[in-house]
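Asks: next come a sequence and a model predicted from it.
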Amino acid sequence: MQKTRIYELAKELGISSKEMVEFLDDLGADVRNHMSTVDDDVAELIREHFQGEDVEEQLEETKAPRRRSGKRRQKRQRTNAASAQSQDAQSSEDEKVVVLPKTITVRELAEKLKMRPAELIKKLMELGVMAGINQVVDFTAAEEVATKAGFLVLPEEAETKIGFDKMAVDAEKLEPRPPVVTILGHVDHGKTTLLDAIRQTKVTETEAGGITQHIGAYQVEVQGKKITFLDTPGHEAFTEMRARGAQVTDIAILVVAADDGIMPQTVEAINHAKAAKVPIIVAINKSDKPTANPDRVKQQLTEYGLVPDDWGGDTVTVNVSALKREGLDNLLEMILLVAEMEDFRADPYRPALGTVIEAELDKGRGPVATVLIRQGTLKPGDYIVSGAVAGKVRALLDHRGQRLNSAGPSTPVQVLGLFDVPEAGDTFEVVGSAKEAKDLAEKRQQERQTEDWRSTRLTLSDLYHRVKEGSVKELRLIVKADVQGSVEALVSSLQKLATDEVRVSVIHSGTGGITESDVNLADASDGIIIGFNVRPDAAARRAAEQKGIDIRLHRVIYEALDEITAAMEGLLEPTYKEVELGQAEVRETFKVPKVGVVAGCYVKSGKITRNAKARVIRDNVVIFDGQVSSLRRFKDDVREVGTGYECGIGLENFQDVKPGDIIETYALEEVKRTLN
Ligand code: GDP
């Protein structure tokens, strides 16, 4: 029996593929996507159905129950988690949501929780947190009070990312926006040639001479619809951006040379795209070559879970020749189809916000940044902040060097008027005034200086806690080994370690040393790298160090497995080693008003530091273990006192110190546990 493709049928009937898929889906038909096929007799029934009656009405009927079932929202959530989150918050009125920063003053927290400050202070005290109205409490305390008061707590994203409030969009105002596409694939498979071919054949030439400029991205128009291409091919840039919290790509085009087939970087690219949950379209390139073997490529793709649509799967594959410029229209059409199915939307009416994709200092024009608008519309005269840099838009230029009066969602645009050069991956947003821009930029500058990358990194030793507190439900691993056999053995054994509480997913695996690209992927996905008989190269080592990525190296498979098991069971919790700092002998004691008993001491060894942990030893027996609360030399508060000096030591919650006692101070140092 003949079969008809759904998208072709939809085209014929003048409705969108998305609507057609939804219609069939509601009928209970098993359709995966627009590339799926239906038997001809079914197609005939569909034709009758749509042609005979009022199509609009039909569609309204079929769409309504889907909205109720929430399926549409789920889809949007996947493509744009942040905006969907905010929609959720708005839609469920009975759920109170509060966004909390890393630290907050009691006054601000009271306002957010709509509580009287006195009441809040009491609640905090019940938790053992003593804080006055102008004092600052940390996230954990604030969260606990808020949760008890019935709030759903969301952590405020790091300032460099787009905050929850900022991303809040009005669901009513969402309009379709062009997809943003990145080209990935193995070196020499034709990524650059393909990007250039599309640019040169599709960018509308203008009277200005049609000179296209490299600004980091360009847009083409196909069948009246736009597609945005990011100009830096390869997964390195893609993952680097993602690691910075800026996932801008909507669709990945995986270029595979038909004469060469799937190569190591192809596999990396597949895994990077999958980790980013971005749909993949495969462009089988160099099909002009006599040695081209597209079927072999398709066969190989199936081994990586990408089953071509004409083989019954749902991965769109297109044969192209970037060199001869063949198959490009088909590829672009497929991009539009996938975009339609994914239903990318944004609100063009709000103040603009976006991501910096390239930035440089231009001799004549000053700092120039190419930004990709994600929400809203940017206009000259807007006050802006990009990363920690403020500015005012002096001019907007497109990829043909033409001045624009405005730039809407998914438009890449060069912005002139920033006071300094921001970094690629920084957010970019419009604020209300020059002062607001300056203040926000300064605040971020400060934050960046104090930002501690490590604090948010998942390491094996804190896995157990993070699983228990619910912040980690999936352990993402990158597995590298010396030979394919070991990779396979390790991957399959690791996957079996999953428990009810934590899934184990290997987001990338391969043979060879650990590279910077592996570290970037771990960074972007909050993953851990396991190396078996391999080592990180210098660049990878440096990047891992800088980003706080946990790399575990093993030479025996069961040791690697044991280590992960131990981590999941909390047996890898950090252990502490005590380090003695100093000893002081108590010579006499004084009562000091408001402070309590102070011990006049002589430092016998090491040094005594303020706030150090301390124990009191009397006749070789530890009678108190606590902390130094005050430290003085004569009348002055000091930070530390060295051997041979006299000082006054106050101990927290201990008044019973006597002459002859020894005060010993110490510190606890974390001992990293590794099994190799
Ligand atoms: P990249 O490293 O993936 O960006 O690959 P390039 O775009 O630099 O292409 C690598 C080489 O393959 C160049 O010599 C291109 O001319 C050649 N090439 C790219 N696309 C095609 C194609 O469709 N057919 C043929 N025959 N050669 C191609």
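Replies: Structure received.
Asks: could you pull out the strands for the stretch 501-650 of the chain?
Replies: For the stretch 501-650 of the chain, applying DSSP state E, counting those that start in this stretch gives strands covering 503-511, 528-532, 551-554, 575-592, 596-609, 613-618, 621-633, 636-637, 640-642, 646-651.
Asks: winner for burial among the ones you listed?
Replies: Each of the strands of the stretch 501-650 of the chain was scored by mean neighbour count; the highest is strand 528-532, a mean of 23, by mean count of other CB atoms under 10 Å. C-betas here are computed from N, CA, C, even on glycine.
Asks: C-alpha coordinates for it, PDB please?
Replies: What follows is strand 528-532 as a C-alpha-only set of coordinates in PDB (Å, rounded to 0.1, in the frame of the first residue of the first chain):
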ATOM      1  CA  ILE A 528      31.400  14.100  36.400                       C
ATOM      2  CA  ILE A 529      34.200  12.700  34.300                       C
ATOM      3  CA  ILE A 530      35.400   9.200  34.700                       C
ATOM      4  CA  GLY A 531      38.700   8.200  33.000                       C
ATOM      5  CA  PHE A 532      39.700   4.600  32.600                       C
END
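Asks: on that earlier part again, can you put the strands of the stretch 501-650 of the chain in a markdown table and add distance to the ligand and mean pLDDT?
Replies: Formatted as a markdown table, these follow (distance: least, CB to the nearest ligand atom, whole Å; pLDDT from 0 to 100):
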| stretch | distance to the ligand | mean pLDDT |
| --- | --- | --- |
| strand 503-511 | 19 | 89 |
| strand 528-532 | 26 | 92 |
| strand 551-554 | 28 | 88 |
| strand 575-592 | 48 | 85 |
| strand 596-609 | 57 | 92 |
| strand 613-618 | 57 | 90 |
| strand 621-633 | 60 | 89 |
| strand 636-637 | 64 | 86 |
| strand 640-642 | 58 | 92 |
| strand 646-651 | 67 | 93 |
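Asks: right, and those - which one's nearest T192?
Replies: Proximity to T192 (CB to CB) singles out strand 503-511 among these, at 23.5 Å.
Asks: which parts of the stretch 51-200 of the chain sit against the ligand?
Replies: Residues of the stretch 51-200 of the chain lying close to the ligand (CB under 6 Å from any ligand atom) are 185, 187-193.
Asks: hmm, try it at 8 Å
Replies: Contacts of the stretch 51-200 of the chain with the ligand, taken as CB under 8 Å from any ligand atom, map to 185-196.
Asks: just those residues: which are in helices?
Replies: Among those, the ones falling in helices (DSSP state H) are 191-196.
Asks: list the buried residues of stretch 489-506.
Replies: Neighbour-count burial for stretch 489-506, counted by 16 or more other CB atoms under 10 Å, picks out 490-491, 494, 497, 502, 504-506.
Asks: also stretch 37-54?
Replies: 37-38, 42-43, 46, 50.
Asks: can I get these in a markdown table with distance to D362 and pLDDT?
Replies: As requested, those are exported to a markdown table (distance: CB to CB, whole Å; pLDDT from 0 to 100):
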| residue | distance to D362 | pLDDT |
| --- | --- | --- |
| T37 | 52 | 74 |
| V38 | 55 | 74 |
| V42 | 59 | 74 |
| A43 | 56 | 78 |
| I46 | 56 | 78 |
| F50 | 55 | 75 |
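Asks: pick the one among the ones in helices among the residues of the stretch 51-200 of the chain next to the ligand closest to L668.
Replies: Relative to L668, and with distances defined as CB to CB, the nearest of those is K191, at 51.5 Å.
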